[in-house]
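1. have a look at this prediction, sequence included:
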2 protein chains.
Amino acid sequence: MTTAERVPELDWTDPHCPVARALDLVGDRWSLLVIRDAMDGARSFTEFQRRTGIARNILTDRLRRLTAHGLLARRAAPSGRRQEYVLTDAGRDLFPVIVTLRQWGERHAFEPGEPHSILVDKDGVPVPEVTPVGADGGVLDSGTTRVRKVE
Amino acid sequence: MTTAERVPELDWTDPHCPVARALDLVGDRWSLLVIRDAMDGARSFTEFQRRTGIARNILTDRLRRLTAHGLLARRAAPSGRRQEYVLTDAGRDLFPVIVTLRQWGERHAFEPGEPHSILVDKDGVPVPEVTPVGADGGVLDSGTTRVRKVE
DNA sequence: CCTCGTTGGTTGCAATTCGAAACCAATCAC
DNA sequence: GTGATTGGTTTCGAATTGCAACCAACGAGG
(Lines give C-alpha, C1' and ligand atoms only; values in the text may rest on other atoms or scores of the structure.)
Protein backbone atom coordinates (compact mmCIF):
# COMPACT_ATOMS: atom_id res chain seq x y z
CA MET A 1 0.00 0.00 0.00
CA THR A 2 1.58 3.20 -1.18
CA THR A 3 -0.87 5.57 0.49
CA ALA A 4 1.06 8.14 2.49
CA GLU A 5 -1.24 8.16 5.49
CA ARG A 6 -0.95 11.05 7.87
CA VAL A 7 -1.21 11.66 11.57
CA PRO A 8 -4.71 12.23 12.96
CA GLU A 9 -4.26 15.82 14.12
CA LEU A 10 -6.49 18.37 12.51
CA ASP A 11 -6.79 21.50 14.61
CA TRP A 12 -3.42 22.98 15.47
CA THR A 13 -3.12 25.64 18.12
CA ASP A 14 -1.11 27.79 15.73
CA PRO A 15 -0.83 26.11 12.34
CA HIS A 16 2.15 28.02 10.99
CA CYS A 17 4.38 27.78 14.05
CA PRO A 18 6.56 24.69 14.36
CA VAL A 19 6.97 25.26 18.09
CA ALA A 20 3.22 25.22 18.58
CA ARG A 21 2.80 22.12 16.42
CA ALA A 22 5.51 20.31 18.34
CA LEU A 23 3.77 21.22 21.58
CA ASP A 24 0.45 20.03 20.20
CA LEU A 25 2.09 16.63 19.89
CA VAL A 26 4.26 16.40 22.99
CA GLY A 27 3.43 19.47 25.05
CA ASP A 28 1.67 17.86 27.96
CA ARG A 29 2.82 16.80 31.39
CA TRP A 30 3.79 13.26 30.44
CA SER A 31 4.63 12.68 26.79
CA LEU A 32 8.20 13.89 26.99
CA LEU A 33 8.81 11.86 30.12
CA VAL A 34 7.64 8.78 28.26
CA ILE A 35 10.03 9.66 25.44
CA ARG A 36 12.80 10.25 27.96
CA ASP A 37 12.27 6.80 29.42
CA ALA A 38 12.06 5.22 26.00
CA MET A 39 15.44 6.76 25.25
CA ASP A 40 16.66 5.35 28.52
CA GLY A 41 15.61 1.82 27.62
CA ALA A 42 11.98 1.46 28.68
CA ARG A 43 9.86 -0.68 26.36
CA SER A 44 6.91 -2.15 28.22
CA PHE A 45 3.75 -0.63 29.59
CA THR A 46 4.70 -1.67 33.11
CA GLU A 47 8.16 -0.23 32.80
CA PHE A 48 6.89 3.14 31.60
CA GLN A 49 4.38 3.16 34.39
CA ARG A 50 6.98 2.33 37.00
CA ARG A 51 9.47 4.93 35.84
CA THR A 52 7.11 7.85 35.31
CA GLY A 53 4.56 7.17 38.03
CA ILE A 54 1.83 8.19 35.60
CA ALA A 55 -1.71 6.91 36.15
CA ARG A 56 -2.33 3.76 34.13
CA ASN A 57 -5.27 5.02 32.13
CA ILE A 58 -3.38 8.15 31.19
CA LEU A 59 -0.38 6.08 30.18
CA THR A 60 -2.62 4.01 27.94
CA ASP A 61 -3.78 7.19 26.29
CA ARG A 62 -0.30 8.68 25.90
CA LEU A 63 1.17 5.53 24.43
CA ARG A 64 -1.69 5.42 21.97
CA ARG A 65 -1.33 9.07 21.05
CA LEU A 66 2.42 8.87 20.61
CA THR A 67 1.99 5.74 18.53
CA ALA A 68 -0.75 7.32 16.43
CA HIS A 69 1.45 10.35 15.79
CA GLY A 70 4.41 8.26 14.80
CA LEU A 71 6.75 8.88 17.71
CA LEU A 72 6.50 5.36 19.06
CA ALA A 73 5.86 2.08 17.33
CA ARG A 74 4.00 -0.72 19.02
CA ARG A 75 4.92 -4.25 18.21
CA ALA A 76 4.77 -7.73 19.62
CA ALA A 77 7.76 -8.44 21.79
CA PRO A 78 10.11 -11.20 20.69
CA SER A 79 9.98 -13.01 24.03
CA GLY A 80 8.14 -12.93 27.33
CA ARG A 81 6.66 -9.46 27.34
CA ARG A 82 3.70 -9.35 25.08
CA GLN A 83 4.19 -6.04 23.41
CA GLU A 84 6.67 -3.27 23.43
CA TYR A 85 6.86 0.34 22.45
CA VAL A 86 9.96 1.52 20.66
CA LEU A 87 11.00 4.93 19.43
CA THR A 88 10.57 5.69 15.76
CA ASP A 89 12.97 7.97 13.91
CA ALA A 90 10.67 10.88 14.73
CA GLY A 91 10.72 9.92 18.39
CA ARG A 92 14.49 9.60 18.44
CA ASP A 93 14.75 13.01 16.83
CA LEU A 94 13.39 14.51 20.04
CA PHE A 95 16.77 13.82 21.59
CA PRO A 96 17.98 17.42 21.27
CA VAL A 97 14.75 18.64 22.87
CA ILE A 98 15.18 16.33 25.83
CA VAL A 99 18.82 17.28 26.21
CA THR A 100 18.19 21.02 26.14
CA LEU A 101 15.34 20.64 28.62
CA ARG A 102 17.64 18.61 30.81
CA GLN A 103 20.40 21.18 30.66
CA TRP A 104 18.00 23.99 31.41
CA GLY A 105 16.66 22.02 34.35
CA GLU A 106 20.13 21.37 35.70
CA ARG A 107 20.89 25.04 35.65
CA HIS A 108 17.63 26.54 36.79
CA ALA A 109 15.58 23.97 38.65
CA PHE A 110 18.05 22.81 41.28
CA GLU A 111 19.57 24.48 44.26
CA PRO A 112 23.32 24.76 44.04
CA GLY A 113 24.71 21.46 45.26
CA GLU A 114 21.41 19.61 45.02
CA PRO A 115 22.06 16.21 43.42
CA HIS A 116 20.60 15.22 40.06
CA SER A 117 21.16 12.65 37.34
CA ILE A 118 23.46 13.61 34.50
CA LEU A 119 23.74 12.70 30.84
CA VAL A 120 27.04 11.17 29.80
CA ASP A 121 28.45 9.78 26.59
CA LYS A 122 29.51 6.17 26.26
CA ASP A 123 32.83 6.91 27.94
CA GLY A 124 31.09 8.48 30.90
CA VAL A 125 31.99 12.03 29.91
CA PRO A 126 29.24 14.59 30.59
CA VAL A 127 27.53 15.93 27.47
CA PRO A 128 28.59 19.53 26.75
CA GLU A 129 26.10 22.37 26.70
CA VAL A 130 23.92 22.42 23.59
CA THR A 131 23.31 25.81 22.04
CA PRO A 132 22.24 27.21 18.69
CA VAL A 133 25.06 28.67 16.64
CA GLY A 134 24.89 30.77 13.51
CA ALA A 135 26.31 29.99 10.12
CA ASP A 136 29.48 31.80 11.23
CA GLY A 137 29.79 29.66 14.36
CA GLY A 138 28.72 32.40 16.76
CA VAL A 139 26.32 31.63 19.61
CA LEU A 140 22.74 32.70 18.94
CA ASP A 141 20.09 33.78 21.40
CA SER A 142 16.66 35.37 21.38
CA GLY A 143 18.27 38.75 20.80
CA THR A 144 20.20 37.80 17.69
CA THR A 145 17.47 35.86 15.91
CA ARG A 146 13.94 36.46 14.83
CA VAL A 147 11.03 34.51 13.49
CA ARG A 148 10.32 35.14 9.86
CA LYS A 149 6.63 34.69 9.33
CA VAL A 150 5.40 32.90 6.33
CA GLU A 151 3.09 35.02 4.22
CA MET B 1 18.17 41.87 51.58
CA THR B 2 20.56 38.97 51.15
CA THR B 3 18.02 36.21 51.62
CA ALA B 4 18.28 33.81 48.69
CA GLU B 5 14.59 33.17 48.32
CA ARG B 6 13.58 30.19 46.26
CA VAL B 7 10.85 29.23 43.88
CA PRO B 8 7.60 27.98 45.42
CA GLU B 9 7.68 24.45 44.04
CA LEU B 10 7.76 21.66 46.56
CA ASP B 11 6.59 18.38 45.09
CA TRP B 12 8.51 17.48 41.96
CA THR B 13 7.29 14.71 39.71
CA ASP B 14 10.73 13.14 39.76
CA PRO B 15 13.06 15.09 42.02
CA HIS B 16 16.38 13.85 40.69
CA CYS B 17 15.64 14.24 36.98
CA PRO B 18 16.33 17.63 35.43
CA VAL B 19 14.04 16.85 32.51
CA ALA B 20 11.15 16.20 34.86
CA ARG B 21 11.87 19.33 36.88
CA ALA B 22 11.99 21.43 33.75
CA LEU B 23 8.65 19.98 32.69
CA ASP B 24 7.20 20.68 36.12
CA LEU B 25 7.95 24.33 35.40
CA VAL B 26 7.13 24.70 31.71
CA GLY B 27 5.64 21.37 30.65
CA ASP B 28 2.08 22.42 30.05
CA ARG B 29 0.23 23.42 26.91
CA TRP B 30 0.91 27.14 27.16
CA SER B 31 4.00 28.14 29.11
CA LEU B 32 6.47 27.55 26.32
CA LEU B 33 4.28 29.42 23.87
CA VAL B 34 4.28 32.38 26.23
CA ILE B 35 8.07 32.14 26.41
CA ARG B 36 8.23 31.86 22.63
CA ASP B 37 6.21 35.04 22.26
CA ALA B 38 8.25 36.83 24.89
CA MET B 39 11.35 35.97 22.87
CA ASP B 40 9.57 37.32 19.84
CA GLY B 41 8.89 40.66 21.50
CA ALA B 42 5.62 40.31 23.38
CA ARG B 43 5.47 42.21 26.67
CA SER B 44 1.89 42.98 27.63
CA PHE B 45 -0.97 40.83 28.83
CA THR B 46 -3.02 41.75 25.80
CA GLU B 47 -0.21 40.98 23.41
CA PHE B 48 0.38 37.53 24.88
CA GLN B 49 -3.31 36.86 24.75
CA ARG B 50 -3.57 37.93 21.14
CA ARG B 51 -0.60 35.92 19.97
CA THR B 52 -1.30 32.67 21.79
CA GLY B 53 -5.08 32.68 21.82
CA ILE B 54 -4.99 31.35 25.37
CA ALA B 55 -7.98 31.93 27.65
CA ARG B 56 -7.51 35.08 29.72
CA ASN B 57 -7.84 33.48 33.12
CA ILE B 58 -5.33 30.81 32.16
CA LEU B 59 -2.96 33.45 30.87
CA THR B 60 -3.24 35.26 34.18
CA ASP B 61 -2.28 32.05 35.91
CA ARG B 62 0.62 31.25 33.58
CA LEU B 63 2.10 34.71 33.77
CA ARG B 64 1.93 34.51 37.54
CA ARG B 65 3.48 31.05 37.63
CA LEU B 66 6.28 31.94 35.26
CA THR B 67 6.93 35.09 37.24
CA ALA B 68 6.87 33.22 40.54
CA HIS B 69 9.34 30.68 39.19
CA GLY B 70 11.68 33.33 37.92
CA LEU B 71 11.27 32.94 34.17
CA LEU B 72 9.53 36.23 33.68
CA ALA B 73 9.75 39.47 35.61
CA ARG B 74 6.78 41.74 35.98
CA ARG B 75 7.35 45.43 36.15
CA ALA B 76 5.60 48.71 35.58
CA ALA B 77 5.92 49.78 31.99
CA PRO B 78 7.81 53.00 31.27
CA SER B 79 4.95 54.51 29.23
CA GLY B 80 1.34 53.88 28.32
CA ARG B 81 1.02 50.19 29.06
CA ARG B 82 0.71 49.73 32.75
CA GLN B 83 2.81 46.65 33.25
CA GLU B 84 4.96 44.40 31.23
CA TYR B 85 6.44 40.97 31.47
CA VAL B 86 10.02 40.49 30.38
CA LEU B 87 12.20 37.42 30.22
CA THR B 88 14.69 36.88 33.00
CA ASP B 89 18.03 35.20 32.41
CA ALA B 90 16.40 31.88 33.26
CA GLY B 91 13.64 32.56 30.77
CA ARG B 92 16.08 33.54 28.05
CA ASP B 93 18.02 30.35 28.72
CA LEU B 94 15.06 28.40 27.36
CA PHE B 95 16.11 29.55 23.92
CA PRO B 96 17.79 26.26 23.00
CA VAL B 97 14.68 24.36 24.11
CA ILE B 98 12.44 26.48 21.93
CA VAL B 99 14.79 26.17 18.98
CA THR B 100 15.07 22.38 19.20
CA LEU B 101 11.30 22.07 19.56
CA ARG B 102 10.92 24.32 16.54
CA GLN B 103 13.34 22.30 14.47
CA TRP B 104 11.69 19.04 15.46
CA GLY B 105 8.32 20.52 14.53
CA GLU B 106 9.58 21.68 11.15
CA ARG B 107 10.79 18.22 10.37
CA HIS B 108 8.03 16.07 11.80
CA ALA B 109 4.86 18.09 12.18
CA PHE B 110 4.45 19.47 8.68
CA GLU B 111 3.64 17.90 5.40
CA PRO B 112 6.37 18.30 2.82
CA GLY B 113 5.83 21.70 1.24
CA GLU B 114 3.45 22.95 3.92
CA PRO B 115 4.44 26.52 4.84
CA HIS B 116 5.68 27.46 8.28
CA SER B 117 7.56 30.30 9.95
CA ILE B 118 11.31 29.97 10.20
CA LEU B 119 13.97 31.20 12.59
CA VAL B 120 16.67 33.35 11.06
CA ASP B 121 19.68 35.21 12.39
CA LYS B 122 19.98 38.97 12.11
CA ASP B 123 21.16 38.69 8.53
CA GLY B 124 18.15 36.62 7.60
CA VAL B 125 20.09 33.37 7.38
CA PRO B 126 18.21 30.33 8.69
CA VAL B 127 19.53 28.95 11.97
CA PRO B 128 21.38 25.65 11.44
CA GLU B 129 20.24 22.43 13.04
CA VAL B 130 21.01 22.23 16.77
CA THR B 131 22.30 18.91 18.01
CA PRO B 132 24.24 17.59 20.99
CA VAL B 133 27.85 16.82 20.29
CA GLY B 134 30.36 14.97 22.42
CA ALA B 135 33.63 16.26 23.80
CA ASP B 136 35.27 14.95 20.62
CA GLY B 137 32.86 16.86 18.40
CA GLY B 138 30.91 13.80 17.29
CA VAL B 139 27.12 13.92 17.09
CA LEU B 140 25.38 12.28 20.04
CA ASP B 141 22.02 10.57 20.16
CA SER B 142 19.99 8.41 22.50
CA GLY B 143 22.09 5.41 21.50
CA THR B 144 25.45 6.92 22.35
CA THR B 145 24.55 8.49 25.67
CA ARG B 146 23.05 7.34 28.92
CA VAL B 147 21.71 8.84 32.10
CA ARG B 148 23.93 8.36 35.06
CA LYS B 149 21.76 8.19 38.11
CA VAL B 150 22.78 9.99 41.20
CA GLU B 151 23.14 7.67 44.17
C1' DC C 1 -15.93 67.20 33.52
C1' DC C 2 -17.94 63.36 30.96
C1' DT C 3 -17.58 59.62 28.08
C1' DC C 4 -15.33 56.20 25.43
C1' DG C 5 -11.74 52.93 24.51
C1' DT C 6 -7.95 50.17 26.24
C1' DT C 7 -5.55 47.45 29.54
C1' DG C 8 -5.33 43.98 32.81
C1' DG C 9 -7.46 41.54 34.93
C1' DT C 10 -11.61 38.54 38.00
C1' DT C 11 -15.67 35.61 38.43
C1' DG C 12 -18.91 31.95 37.38
C1' DC C 13 -19.95 28.04 35.17
C1' DA C 14 -19.77 24.14 31.97
C1' DA C 15 -16.85 20.82 29.81
C1' DT C 16 -12.72 18.33 29.58
C1' DT C 17 -8.96 15.96 31.54
C1' DC C 18 -6.62 13.69 35.22
C1' DG C 19 -5.72 10.46 38.91
C1' DA C 20 -6.57 6.67 42.15
C1' DA C 21 -8.43 2.40 42.67
C1' DA C 22 -10.79 -1.52 41.46
C1' DC C 23 -11.52 -4.84 38.17
C1' DC C 24 -10.32 -8.11 34.41
C1' DA C 25 -8.62 -11.27 30.66
C1' DA C 26 -4.68 -13.49 28.91
C1' DT C 27 -0.50 -15.53 29.45
C1' DC C 28 3.48 -17.58 32.17
C1' DA C 29 6.13 -19.97 35.79
C1' DC C 30 5.84 -23.53 38.65
C1' DG D 1 -4.11 -25.78 38.27
C1' DT D 2 -2.61 -21.94 41.09
C1' DG D 3 -0.62 -17.78 41.65
C1' DA D 4 1.92 -13.96 39.81
C1' DT D 5 2.65 -10.75 35.93
C1' DT D 6 1.37 -8.00 31.98
C1' DG D 7 -1.46 -4.83 29.75
C1' DG D 8 -4.87 -3.00 29.96
C1' DT D 9 -10.39 -1.00 31.02
C1' DT D 10 -13.86 1.07 33.96
C1' DT D 11 -15.65 4.08 37.30
C1' DC D 12 -15.91 8.05 39.72
C1' DG D 13 -14.44 12.16 42.17
C1' DA D 14 -11.17 16.05 41.79
C1' DA D 15 -8.60 19.36 39.32
C1' DT D 16 -7.80 22.02 35.21
C1' DT D 17 -9.50 24.44 31.11
C1' DG D 18 -12.03 27.48 28.34
C1' DC D 19 -15.70 30.72 27.36
C1' DA D 20 -18.08 34.66 28.37
C1' DA D 21 -19.44 38.21 31.10
C1' DC D 22 -18.18 41.56 34.21
C1' DC D 23 -15.30 45.23 36.20
C1' DA D 24 -11.92 48.83 37.99
C1' DA D 25 -8.32 51.97 36.62
C1' DC D 26 -6.39 54.98 33.49
C1' DG D 27 -5.89 58.07 29.36
C1' DA D 28 -7.51 60.64 25.39
C1' DG D 29 -10.87 63.58 23.26
C1' DG D 30 -14.28 66.78 23.29
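-> Thanks, I have the structure now. Numbering: from 1, shown residues only, chains lettered A, B, ... in the order given.
2. quick one: whichever residue of chain A sits closest to DNA strand C from B:R51, how far?
-> When scored by CB to the nearest atom of the strand, chain A has A:A55 as its residue closest to DNA strand C, at 3.5 Å. All C-beta spots, glycine's among them, are computed from the backbone N, C-alpha and C. Using CB to CB, to the nearest Å, one obtains 33 Å as the distance from A:A55 to B:R51.
3. out of these two, which sits in the more crowded spot?
-> B:R51 (18 against 11; other CB atoms under 10 Å in any protein chain shown).
4. picking that back up, if I look at the residue of chain A closest to DNA strand C, how far off is A:F45?
-> Distance from A:A55 to A:F45, by CB to CB: 13 Å.
5. what about the host helix or strand of A:R50, near DNA strand D?
-> Using DSSP states H and E, A:R50 maps to helix A:45-52. Yes - Helix A:45-52 is in contact with DNA strand D by CB under 7 Å from any atom of the strand, via A:F45, A:T46, A:E47.
6. packing partners of whichever helix or strand comes after that helix?
-> Per DSSP H and E, helix A:45-52 leads on to helix A:56-68 as the next helix or strand towards the C-terminus. When contacts are defined as 3 or more CB pairs under 8 Å, 6 or more residues apart in numbering or on different chains; DSSP states H and E, helix A:56-68 sits against helix A:31-39, helix A:45-52, strand A:72-76, strand A:83-87.
7. and the ones you listed as TSV, adding distance to A:K149?
-> Converted to TSV, the helices and strands packed on helix A:56-68 look like this (distance: least, CB to CB, whole Å):
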stretch	distance to A:K149
helix A:31-39	27
helix A:45-52	37
strand A:72-76	32
strand A:83-87	32
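8. okay, these, which one's buried deepest?
-> Most buried of the helices and strands packed on helix A:56-68, by mean neighbour count (mean count of other CB atoms under 10 Å in any protein chain shown): helix A:31-39, with a mean of 24.
9. next, the angle helix A:45-52 makes with it.
-> If you take axes from the mean of the first three to the mean of the last three CA atoms, to 10 degrees, helix A:31-39 sits at 120 degrees to helix A:45-52.
10. angle of helix A:31-39 against helix A:56-68?
-> Orientation of helix A:31-39 against helix A:56-68 (the same axes, to 10 degrees) gives an angle of 80 degrees.
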